[in-house]
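# Everything below, folded, please.
(4 chains)
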Amino acid sequence: MKAVYFAWVRERIGKAEEELDPPADVATISDMIAWLKTRGQEYVYAFENSRSIRAAIDHAHVKHDAPISGAREIAFFPPMTGG
Amino acid sequence: MKAVYFAWVRERIGKAEEELDPPADVATISDMIAWLKTRGQEYVYAFENSRSIRAAIDHAHVKHDAPISGAREIAFFPPMTGG
Amino acid sequence: MPIPTIRVQRGTFDAAAESAALAAGRTDIGAIVTFTGLCRDEGGRLARLDLEHYPDMAEAEIGRVAEEALRRWPLLGVTIVHRYGPIRPGEAIVLVVTASSHRVAAFEAAEFLMDYLKSNAPFWKKERLVEGTDGGWVEAKREDQEALVRW
Amino acid sequence: MPIPTIRVQRGTFDAAAESAALAAGRTDIGAIVTFTGLCRDEGGRLARLDLEHYPDMAEAEIGRVAEEALRRWPLLGVTIVHRYGPIRPGEAIVLVVTASSHRVAAFEAAEFLMDYLKSNAPFWKKERLVEGTDGGWVEAKREDQEALVRW
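The predicted model follows:
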């Protein structure tokens, strides 16, 4: 699956997107964040306050308990400040 | 003093304005309406439902118990429908 | 406090130009709300509205309502234009523009102004029907009166 | 139900043309509310905002918010334009136009749309300061989140 990052999540991780293949026991957005944090200090930094991170699956907002099975694109970003 | 009428109050009375010299005991807008109704059927018709009539003294809205002493121009009209 | 722009006029107005004038050259405005009230044809029944007004009072009363809005909200600008005379379906009747640094003040002030203009500005609408007859005076709506209680 | 007009674009927009397009040739619209959100200079501190967005999601999410507004209010038209990229003080960032036969629906829907766009549309603002430095990412305001509870 593809992961995409925006705003300071993108800046902290140091990339805008990447292809990922999480292990089978990574079932939800929360699991995904926990797994990403094992991948390096940049992810620990990006997700240090994980409750403030918003996520979207295939371009729709989801909560952290949402299952990621079948997702083609998962996005992580800070609270939005548009409008 | 000058009296001015608008919308269906004007149509019922049959004139847009007139000079009036009410007797000394006509002290309020309510008194004025009661006195006008003694002046003819057209006034009785215009003020038949006097609670729905709005009044202004010198271009500012007033209630029916407002004193008319010193007024230069008193206006009578239906509830407004602008905007 | 900004000085409100208030006009009572027979002719049409340019809502865009009014709102542009309010914002021109400024960098402190964060939100502009523009309300335009238009004449509807009431399902094809209406040929036009004839708006009667009390000329000497109209601008004064609109000015009082605008001053009240300026007292209640931190506005950076207010423009109100109200037409009188014959107005055809699709044409604009009234314009309210409010500018503020934040959206809530701009929205609330515009709604307040419209609610108060509806019930306090000395204008009366008479309907002229497509068949050429007089459709009578538009009656004030109870809901317009009730709308004032929220302020 | 009308089809909302939604655009996410880099360049400026013409609020007047958008609102005119919504009303063109119609005689059933009684009220048009236009909201324009502009970039402030924050007391002279700000040189520009850089708006980052999530291109694939932005139009879809704005579309979902617009559809929700159309379900809740009897609207005759909705237009939403949101810019991204560099935006200087005094320039517009976002436009919401709502049309209805009556003013309450047009006002409420415009406020609803702005409240939801603030918290749901995938845009992020970074400040660039006049002294040439990075002013950091604008933080989401608690009051913008709390504004959603009224809907």
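
# contacts and neighbour counts: CA atoms only from here.
Fine.

# residues touching the residue nearest the centre of chain C, list them.
Residue closest to the mean C-alpha point of chain C, counted by Cα atoms, centre = their mean, is C:Val94 at 3.7 Å. Contacts for C:Val94 were tallied using Cα atoms under 8 Å, 6 or more residues apart in numbering or on different chains; they are B:83, C:35-38, C:80-83.

# close enough to count as contact, C:Glu18 and C:Thr79?
Yes - contact criterion Cα atoms under 8 Å: C:Glu18 and C:Thr79 qualify, at 7.2 Å.

# For the contacts of C:Val94, pick the one with the most neighbours.
Within the contacts of C:Val94, C:Phe35 tops the neighbour count with 29 neighbours, counted by other Cα atoms under 10 Å in any protein chain shown.

# Tell me which entries of the contacts of C:Val94 lie within strands.
C:35-38, C:80-83 (DSSP state E).

# Chain C against chain B: which residues are in contact?
Residues of chain C found near chain B (Cα under 8 Å from any Cα of the partner chain) are C:37, C:51-54, C:56-57, C:60-61, C:82, C:93-94, C:114, C:117-125, C:137-140.

# Mind giving me the ChimeraX select for those, buried ones only?
In ChimeraX syntax, the buried subset of these is picked out as below (16 or more other Cα atoms under 10 Å in any protein chain shown):
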select /C:37,51,52,53,54,57,60,61,82,93,94,114,117,118,119,120,121,122,123,124,125,137,140
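
# how about the nearest residue to the residue of chain A found nearest chain C, chain neighbours excluded?
Residue nearest to chain C within chain A: A:Gly83 (10.0 Å; Cα to the nearest Cα). With sequence-adjacent residues excluded and distances taken as Cα to Cα, 6 or more residues apart in numbering or on different chains, A:Gly83 is closest to D:Lys118, at 4.8 Å.

# how about residue 48, what does it touch?
Answering for chain A, as no chain was given. With Cα under 8 Å, 6+ apart as the criterion, no residue contacts A:Glu48.

# Switch to chain C, please.
C:39, C:41, C:86-89, C:127-129.

# one more time with 7 Å
Contacts for C:Arg48 were tallied using Cα atoms under 7 Å, 6 or more residues apart in numbering or on different chains; they are C:86-89, C:127-129.

# All the helices of the chain, in order from the start?
As the question left the chain open, I've gone with chain A. A:7-13, A:29-36, A:41-46 (DSSP state H).

# that's the wrong chain, I wanted chain C
Using DSSP H, helices in chain C cover C:15-23, C:55-72, C:103-120, C:142-146.

# Can you tell me which of the helices of chain A is nearest to B:Asp65?
With Cα to Cα as the criterion, B:Asp65 lies closest to helix A:7-13 of the helices of chain A, at 64.1 Å.

# Give me the buried positions along that closest one.
Neighbour-count burial for helix A:7-13 [16+ other Cα under 10 Å]: A:7-10, A:12-13.

# among those residues, which are in reach of chain D?
Of the residues in the buried residues of helix A:7-13, proximity to chain D by Cα under 7 Å from any Cα of the partner chain holds for A:Ala7.

# returning to what we had before: the residue nearest to the centre of chain C - nearest residue in space that isn't next to it in sequence?
C:His82 (4.5 Å).

# Now do that neighbour, the pLDDT please.
Here the pLDDT value assigned to C:His82 is 98.

# ok, back up a step: which of the helices of chain C is buried the deepest?
helix C:103-120 (a mean of 23; mean count of other Cα atoms under 10 Å in any protein chain shown).

# now for it, which elements pack on it?
Judged by 3 or more Cα pairs under 7 Å, 6 or more residues apart in numbering or on different chains; DSSP states H and E, helix C:103-120 is in contact with strand C:31-38, helix C:55-72, strand C:92-100, helix C:142-146.

# okay, residue 11: pLDDT?
By default, I'm working from chain A. In this prediction, A:Glu11 has a pLDDT value of 98.

# ah, I was thinking of chain C
97.

# Who are the contact partners of it?
C:Arg83.

# so where's chain C uncertain?
In the predicted model, chain C carries no residue with pLDDT under 70.

# Tell me which residue lies farthest from the centre of it.
Note on chain C: the largest C-alpha distance from the chain mean falls to C:Glu131, namely 28.8 Å (Cα atoms, centre = their mean).

# Could you report the distance from that residue to A:Pro67?
64 Å (Cα to Cα, to the nearest Å).

# residue in chain A nearest to chain B?
Closest point on chain A to chain B, by Cα to the nearest Cα, is A:Gly83, at 28.9 Å.

# In this structure that residue contacts D:Leu117, no?
Yes - here A:Gly83 reaches D:Leu117: they are 5.7 Å apart, a contact under Cα atoms under 7 Å.

# Now A:Tyr43. Nearest residue, chain neighbours left out?
In space, A:Tyr43 is closest to A:Lys37, 4.9 Å off (Cα to Cα, 6+ apart).

# Could you count how many residues lie near that neighbour?
Around A:Lys37 there are 17 residues (other Cα under 10 Å).

# Equivalent analysis for A:Ser50, please.
Counted with other Cα under 10 Å, the neighbours of A:Ser50 add up to 15.

# so what's it scoring on pLDDT?
So A:Ser50 comes in at 91 (pLDDT).
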